[in-house]
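heads up, no residue letters with this:
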């Protein structure tokens with residue numbers, strides 16, 4: 001069996017596809033998994049690091065403004081489709097599993113009518129690729145209810161270390177890993193590998209007040225943001241500022257509350273592990289981050305604040321009391337966990353196997 005993944009471009013597309021790959025191989029080591037990508041995407045690093053083959057195709061992203069790229073787009077799309085057809089022939093793939101993004105659209109168009117297609121939509125508002133691809137297949141899954149018509153709501157495939165995380169059982173170990181006090185309430189701030197300037201600025205303002213109140217801080221500021229961490233006098237509670245955290249499982253276990261963006265993967269992971277969060281949606285794009293956060297916030301598992309309204313004073317007024325109120329935190333943990341889904345990788349695996357079996361049945365009866 002060969003499974004071809006189409007989810008290149010951004011980490012939000014690549015990570016869930018690789019989590020599915022890990023699940024497939026975990027159940028059956030004979031399954032071959034490879035991925036489509038372009039030379040400009042993060043997949044050139046992330047896919048080989050996870051041990052899977054990568055097939056490069058011509059990039060054909062949709063231009064965001066009128067330019068010569070728009071004129072050249074049809075030619076690029078046709079070449080991308082030819083590239084995918086070549087990969088399908090070489091791999092003899094049994095199924096194409098798409099996660100959206102500009103790699104997915106030519107994959108759907110190339111596979112249509114010849115190879116089964118399974119589509120997973122991570123965001124509350126689907127992009128162009130998945131909206132088009134959904135017309136070609138009945139095998140549809142989504143992380144948010146109703147994101148794609150006719151889709152099965154399964155959640156978002158997570159890394160195994162997150163899906164199986166028991167925060168309370170390793171909290172002391174996790175806090176020791178980061179040099180934090182084992183007993184103090186802990187706020188975890190992160191904005192992705194590049195950080196988030198508005199989140200960094202707000203915590204710089206709020207850190208003196210929080211640490212003086214006995215709240216310790218774990219802050220992932222971003223690779224190039226050494227100047228966006230608190231300086232000067234802080235309170236007795238620890239402040240730990242890092243460029244990047246590669247053990248997010250330990251960071252989640254160490255924390256009592258998170259302050260973060262609202263990407264689909266972030267929302268899914270925090271809900272799955274039952275970590276209350278203050279979501280600050282990215283203020284650009286089509287508003288999908290706000291939509292991603294609304295379900296868990298509506299369930300009582302988090303707070304939502306616009307990027308432009310986030311300040312150090314707001315954190316002191318709204319987040320500090322939450323961190324110091326154990327009972328309220330426990331209620332929010334239960335609410336977040338009740339909304340989280342830890343088995344999306346397993347459920348998507350079954351959908352992939354169903355698509356392959358259905359195609360095989362049709363072939364035998366034709």
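Yes, it's here. Note that the structure is predicted; figures quoted are calculated from it, not measured.

wouldn't residue 85 be in contact with residue 107 here?
No: using Cβ atoms under 8 Å, residue 85 is not in contact with residue 107; the gap is 9.9 Å. For the C-beta atoms, the positions are set from N, CA and C on the backbone; glycine is no exception.

neighbour-wise, which of those two wins?
Neighbours were counted for residue 85 and for residue 107 using other Cβ atoms under 10 Å; residue 107 has more, 32 against 18.

Find the residue at the geometric middle of the protein.
residue 265 (2.1 Å; Cα atoms, centre = their mean).

give the contact list for that one.
Residues in contact with residue 265 (Cβ atoms under 8 Å, 6 or more residues apart in numbering) are 11-12, 15-16, 122, 156, 158.

Residue 322 now?
Applying Cβ under 8 Å, 6+ apart to residue 322 gives the contacts 257, 276, 303, 328-329, 332.

Go again with 7 Å.
The contact partners of residue 322, by Cβ atoms under 7 Å, 6 or more residues apart in numbering, come to 257, 328-329.

Please, a ChimeraX command that selects the buried ones among these?
Buried residues within those, by 16 or more other Cβ atoms under 10 Å, are selected in ChimeraX with:
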select :257,329
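
Make TSV from the contacts of residue 322 and add secondary structure, pLDDT and distance to residue 100 to it.
Formatted as TSV, the contacts of residue 322 follow (DSSP: H, G, I helix; E, B strand; the rest coil; pLDDT from 0 to 100; distance: Cβ to Cβ, whole Å):
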residue	secondary structure	pLDDT	distance to residue 100
257	strand	98	30
328	helix	97	36
329	helix	97	34
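
quick check, nearest of the contacts of residue 322 to residue 93?
Residue 93 lies nearest to residue 257 out of these, by Cβ to Cβ, at 43.6 Å.

Pretty sure that closest one sits against residue 187.
Yes: in this structure, residue 257 is within contact of residue 187 by Cβ atoms under 7 Å, at 5.5 Å.

okay, and the common contacts of these two?
Contact with both residue 257 and residue 187 is made by residues 319, 323, according to Cβ under 7 Å, 6+ apart.

Could you list the domains of this protein?
What automatic domain parsing lists as the domains of the chain is 2-158+343-365, 161-339.

what's the host helix or strand of residue 357 in contact with?
Using DSSP states H and E, residue 357 maps to helix 344-365. With contact meaning Cβ under 7 Å, 6+ apart, helix 344-365 is reached by 1, 3, 19-20, 23-24, 27, 94-95, 97, 116, 118, 120, 139, 141, 152, 154-158.

Just the buried subset of these, please.
For the contacts of helix 344-365, buried by 16+ other Cβ under 10 Å: 3, 19-20, 23-24, 94-95, 97, 116, 118, 120, 139, 141, 154-158.

how about the one helix or strand in the chain whose mean pLDDT sits lowest: buried residues?
Lowest on mean pLDDT, DSSP states H and E among the helices and strands of the chain sits helix 68-91, with a mean of 82. Buried residues in helix 68-91, counted by 16+ other Cβ under 10 Å: 76-77, 80-81, 83-85, 87-88, 91.
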